[in-house]
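Engineer: what would the 3D arrangement of this be:
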Amino acid sequence: MDLAGLLLDEEGTFSLTGFQDFTFLPGHQKLSARIRRRLYYGWDWETDCTLEELSSPVADIAVELLQKAAPSPIRRLQKKYVAHVSREACISPCAMMLALVYIERLRHRNPDYLQHVSSSDLFLISMMVASKYLYDEGEEEEVFNDEWGAAGGVAVPTLNALERGFLSAMDWRLYTDPREIFEVLSWLEGCVAEQQGRRRGWYTYTDLCVLLEQPAWQLVLGSLCQQLAKLSCLLAMAYVSSVALAVASMAVIHQSLGLSCSPPPGPPDLGLASRLPLVQAPSLQFLIPALVLTSQKLPLALRTPGNCEHRARAQGEASLVLRLCGGPGCHGLELWNTSIREVSGAVVVSGLLQAILGLLGGPGHLFPRCGPLVLAPSLVVAGLSVYREVALLCSTHWGLASLLIVLMVVCSQHLGSCLLPPCHWRPASTSSTHTHILAFRLLSVLIPVACVWIVSALLGLSIIPGELSAPTKAPWFWLPHPAEWDWPLLTPRALAAGISMALAASTSSLGCYALCGQLLRLPSPPPHACSRGLSLEGLGSVLAGLLGSPMGTASSFPNVGTVGLLQAHGLSEA
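Structural biologist: Next up, the predicted model:
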């Protein structure tokens, strides 16, 4: 409710005097109705039309507040005493609110006074001084000490002494801005609504309206609405992403099945043969040169998180928290950042080299001459160059590492021809009702890894490190941009690593092109398609390096395996 609409009279001046008697003041009836409704004064005009005593909820709050303000055990204030004084002395709600303003001032200006006065005396004298301030106009007194003394059971000399002590503690500063009165009224309304709602177990419409006007409740409801909005946006994004992923998957499956069932007639250079369902993703071919590059500076620095903690740059500037070891072989965070920047620079160099080679058409002309006898030794040599890093990772537990290698060899070489129990379904292209699945050949990597995980869990070895870095608050929306962590660092070592990355990624991508074409029963992709694919992969690697990623993009071998599974199902149904 607007303050000006309640207290401004016809001449534009504030006035609170004559609260009960001068009902012709504008806004008086609105204020009276507000107090009756929100402070539980009731609407019995025959017995309580002048608001000359405190309501029961207001009396409860007054007792609780004054007992806390004046903790002296002598003459401790009780609700029965408050009801008797308010009835005999005709305490108005405005006098009650003004007295609360005075007590709040004493708590800040003269807290020693509150330690010596009793809560009953404080209630009596504060209400009397507030009533004098409101109703004594200087010409005709309306508040008398003898009447208040009789109402409170205190002798007049004692009451006079209490009044002088109260005014001295207040430093005679009794003036109160009307806005302070309305602030106390709003606070009192909130306390009454909350107290009565808890006591009943339910809230009335008026109580809810009062609580919604309180700043604390508005803050809580605002925070709740923000969290609900964030959750709704997150669920909507997840739903849209899942729908888009389902649509994209169906499109890929439909395209692969269509190509397998009805390959296009005519020469393979019509363009359809080059549309392979491949996905460009971060490739492990970039990991080998990156490990070699970082191991030159940090041979033993990267360990299980939890030894010692360093924060990137300044506190609060970056959300990345790196945990490095604390041994003599460890280095500072600056050296780690330099190595990461060098790896990003190598990724940029590899992307530029791939894009240039693709635009020049070199890989496309070399692709028809690069068969398995050329690609396989190249990949093997690149893999053998990282034996140190592999040994370092396997040194954590040689038993599990050896078990994984043995299981992979057994599944791929010795159990590859083993067949699972036949499935009872009849393909359209065959007369047999049983189809055997070469599970050990298809899952020659997944089965050993799953077995090693199970053995590790049974032995009590934790797969997840015991000491992880503390979780940091991630932003709701984060758009990466170039040089967010710092610009990539181009050095001779990064240049050499970038060349090796480009050769490994190009060789791997060409192998993916050939393997995907064979799985789809299509001719080999034309040279221009291979060159175009490598150039686009190079642009992706350049963008990844500028964003600070230590991995570039290349054709995904897992995606080729997925295409093989879908293609086998499509041929069986055909």
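
Engineer: quick one: secondary structure of Ala281?
Structural biologist: strand (DSSP: H, G, I helix; E, B strand; the rest coil).

Engineer: next one: it from Ala89, what distance?
Structural biologist: Distance, Ala281 to Ala89, using C-beta to C-beta, to the nearest Å: 83 Å. Using the backbone N, CA and C atoms, a C-beta is placed for each residue, glycine as well.

Engineer: okay, these two: which has more neighbours?
Structural biologist: For Ala281 versus Ala89, neighbours defined as other C-beta atoms under 10 Å are more numerous around Ala89 (22 against 14).

Engineer: thinking that one is in contact with Ala130, fair?
Structural biologist: No - proximity of Ala89 to Ala130 does not meet the contact threshold set by C-beta atoms under 8 Å, at 11.1 Å.

Engineer: by contact count, what packs against the lengthiest helix in the chain?
Structural biologist: Ranked by number of residues, the top helix in the chain under DSSP state H is helix 215-261. Under the contact criterion of 3 or more C-beta pairs under 8 Å, 6 or more residues apart in numbering; DSSP states H and E, helix 215-261 touches helix 205-213, helix 557-573.

Engineer: again, only using 7 Å
Structural biologist: Of the remaining helices and strands, those touching helix 215-261 by 3 or more C-beta pairs under 7 Å, 6 or more residues apart in numbering; DSSP states H and E are helix 557-573.

Engineer: and Lys132, how far from Tyr203?
Structural biologist: Taking C-beta to C-beta, one finds Lys132 at 37 Å from Tyr203.

Engineer: Leu546 too?
Structural biologist: Applying C-beta to C-beta to Leu546 and Tyr203 gives a distance of 57 Å.

Engineer: over to Ser118?
Structural biologist: Ser118 is 35 Å from Tyr203, by C-beta to C-beta.

Engineer: same check on Arg493?
Structural biologist: On the measure of C-beta to C-beta, Arg493 and Tyr203 end up 70 Å apart.

Engineer: how about the strands in the stretch 351-500 of the chain?
Structural biologist: Here the stretch 351-500 of the chain has its strands, by DSSP state E, counting those that start in this stretch, at 423-424, 434-435.

Engineer: pLDDT weak spots in the stretch 101-250 of the chain?
Structural biologist: In the predicted model of the stretch 101-250 of the chain, residues 136-142, 205 satisfy pLDDT under 70.

Engineer: hmm, try it at 50
Structural biologist: Counting by pLDDT under 50, the stretch 101-250 of the chain shows no low-confidence range.

Engineer: in stretch 448-461, what's buried?
Structural biologist: Of all the residues in stretch 448-461, those buried under the rule 16 or more other C-beta atoms under 10 Å are 448, 452, 456.

Engineer: whoops, I mixed them up, stretch 401-419
Structural biologist: 401, 403-404, 407-408, 411-412, 415.

Engineer: also stretch 354-366?
Structural biologist: 354-355, 357-358, 361-364, 366.

Engineer: check these and tell me the two furthest apart.
Structural biologist: Ala355 and Leu366 (16.3 Å; C-beta to C-beta).

Engineer: and which of the buried residues of stretch 448-461 is nearest to His397?
Structural biologist: For the buried residues of stretch 448-461, the nearest to His397 is Ser456 (8.0 Å; C-beta to C-beta).

Engineer: and the gap between the closest one and Val243?
Structural biologist: Ser456 is 37 Å from Val243, by C-beta to C-beta.

Engineer: quick check: the residue lying closest to Arg76 once chain neighbours are set aside vs Pro289, distance?
Structural biologist: Using C-beta to C-beta, 6 or more residues apart in numbering and skipping the chain neighbours, the partner closest in space to Arg76 is Ser119 (5.7 Å). According to C-beta to C-beta, Ser119 stands 80 Å off from Pro289.

Engineer: avg pLDDT for stretch 510-520?
Structural biologist: Averaging pLDDT along stretch 510-520 yields 78.
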